[in-house]
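Here is the input, now give the coordinates:
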Amino acid sequence: MNERYSRQILFKNIGVEGQEKISQKHVLIIGMGALGTHLADGLVRAGVRKLTIVDRDYIEFSNLQRQTMYTENDAKEALPKVIAAKERLTEIRSDIEIDAYIDQVNPPFLEEHAQHVDLILDATDNFDTRLLVNDFAYKYNIPWIYGGVVQSTYIEAAFIPGQTPCFNCVMPQLPVINMTCDTVGVIQPAVTMTTSLQLRDALKILTDTPFTPKLTYGDIWEGTHYTFGFSRMFDSTCTTCGPNPTYPHLHQTDQQYATLCGRDTVQYSNENITQEMLKQYLDAHHIHYHANPYMLRFEFNGHRIVSFSGGRMLIHGMTKPTEAIKLMNQLLG
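Numbering: from 1, shown residues only. Sure, this is the predicted structure:
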């Protein structure tokens, strides 16, 4: 181990003891897009024992500009992101243990797969998911690191239960850039700036290094960079980290239809629809489809539809759940 991680061990703030701690840790990464792929690559190379990775999406050509783990062939095959990521990560390090899930992150998923992780890394583009992660992390006393990127701006902060105010407390002070969906593009330097900050704090947490988390944001294109502390931002009425927490986001149920931010895509979920049932229906109605072990892809009424096991479908080319309801009624009756 010492040879592989020798340069990291030489760093005085990690050393042999810190490297040993890293080698025992289990990290959950939510999202395997631009942020998630960079984070996973960095943690595997740093020597963590195990990664759990989860993402509900598949690889498209528009991803390749910034999601550096994926290739043109991955996009041609429309591989789920976590499947391609797991393959690349095990090529980087054969002894890494990886659990990969093509799934929606909701309370049941976190309860089943995240209670015993040492750290949660936010690599999502979804504000509601962050609120859910925040509740879960504070309920189970698990540190998590928030990261966001849009256009050329970046933002990052580590939240540590029992030490820092939670995301809810700090949210009113977050820059407006973080409150919008990723609809206006993004450049690679802003991605790597965000993940560098997240990985920095991850290494501190994984090595049990005491530190005072700060919120950092800036614009890599304009050359602006700001950091401020938030240790005094506790909200005494907070439903997540206040004296009487209720963790409201852990009690929310999944909606059958949900709009994916910035994607012109609506997600439809119906666990009663199996892939085999859908194949039989498409065959009976002479609707051509492409299939791989993970999904079905087909066109219907001018919309591209991707179906995953568990009854989850992505309907491209629309933004309103009402449009999706009408389309699914036309398709399935």
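
Tell me which stretches of the protein form strands.
26-30, 50-55, 97-102, 119-122, 144-150, 153-159, 214-219, 224-229, 257-260, 265-269, 289-292, 295-300, 303-308, 312-316 (DSSP state E).

Now tell me what touches the last one from outside.
This means strand 312-316. For strand 312-316, contacts defined as C-beta atoms under 8 Å, 6 or more residues apart in numbering pick out 56-57, 104, 260, 263-269, 273, 303-308, 324, 327-328. Just so you know, the C-beta spots here come from the backbone N, C-alpha and C atoms, and that holds for glycine as well.

are any of these buried, and which?
56-57, 104, 260, 263, 265-269, 273, 303, 305-308, 324, 327-328 (16 or more other C-beta atoms under 10 Å).

mind checking which of the strands of the chain is nearest residue 172?
strand 214-219 (12.3 Å; C-beta to C-beta).

From what I see, residue 252 and residue 108 are in contact.
No. Applying C-beta atoms under 8 Å as the test, residue 252 and residue 108 come out as separate, 11.4 Å apart.

Quick one: find the helix or strand in this structure with the lowest mean pLDDT.
strand 257-260 (a mean of 75; mean pLDDT, DSSP states H and E).

gap between the two ends of stretch 229-249?
Separation of the first and last residues of stretch 229-249 by C-alpha to C-alpha, to the nearest Å is 26 Å.

pLDDT averaged over that stretch - what is it?
Across stretch 229-249, pLDDT averages out at 95.

Tell me the gap between that stretch and the middle of its chain.
23 Å (C-alpha atoms, centre = their mean, to the nearest Å).

and what of stretch 74-85?
16 Å.

Quick check: buried residues in that stretch?
Quick answer for stretch 74-85 (16+ other C-beta under 10 Å): 74-75, 77, 79-85.

any idea how far residue 94 is from residue 287?
42 Å (C-beta to C-beta, to the nearest Å).

more crowded one of these two?
residue 287 (14 against 7; other C-beta atoms under 10 Å).

what residues are up against the residue nearest to that one when sequence neighbours are not counted?
Nearest non-adjacent residue to residue 287, counting by C-beta to C-beta, 6 or more residues apart in numbering: residue 298, 5.6 Å away. Contacts for residue 298 (C-beta under 8 Å, 6+ apart) come out as 282, 287-290, 304-305, 307.

wait, residue 215 sits on residue 230?
Yes. Proximity of residue 215 to residue 230 meets the contact threshold set by C-beta under 8 Å, at 5.5 Å.

shared neighbours of those two, anything?
By C-beta under 8 Å, 6+ apart, the residues touching both residue 215 and residue 230 are 157, 170, 173.

just those residues now: which is nearest residue 135?
residue 170 (14.4 Å).

Against residue 29, how distant is the closest one?
Residue 170 is 21 Å from residue 29, by C-beta to C-beta.

quick one, which of these two is more surrounded?
residue 29 (27 against 19).

quick one: contacts of stretch 118-128?
Residues outside stretch 118-128 that contact it (C-beta under 8 Å, 6+ apart): 25-36, 39, 105, 114, 129-130, 133, 136-137, 142-147, 179, 181-182, 198, 202, 205-206, 249, 261-262.

Give me the packing partners of the top helix by length along the chain, helices and strands only.
Looking across the chain with DSSP state H, the single longest helix is helix 188-206. Counting contacts by 3 or more C-beta pairs under 8 Å, 6 or more residues apart in numbering; DSSP states H and E, helix 188-206 packs against helix 15-22, helix 34-46, strand 119-122, strand 144-150, strand 153-159, strand 214-219.

and the angle for that helix with strand 214-219?
Here helix 188-206 points in a direction 170 degrees away from that of strand 214-219 (axes from the mean of the first three to the mean of the last three C-alpha atoms, to 10 degrees).

Pull out the buried residues from helix 188-206.
188, 190-195, 197-199, 201-206.

Okay, now the unreliable bits of the stretch 201-333 of the chain?
Within the stretch 201-333 of the chain, the ranges that satisfy pLDDT under 70 run 254, 261-262, 333.

try 90 this time
Along the stretch 201-333 of the chain, segments meeting pLDDT under 90 span 252-277, 280-281, 284-285, 291-295, 309-312, 318-333.
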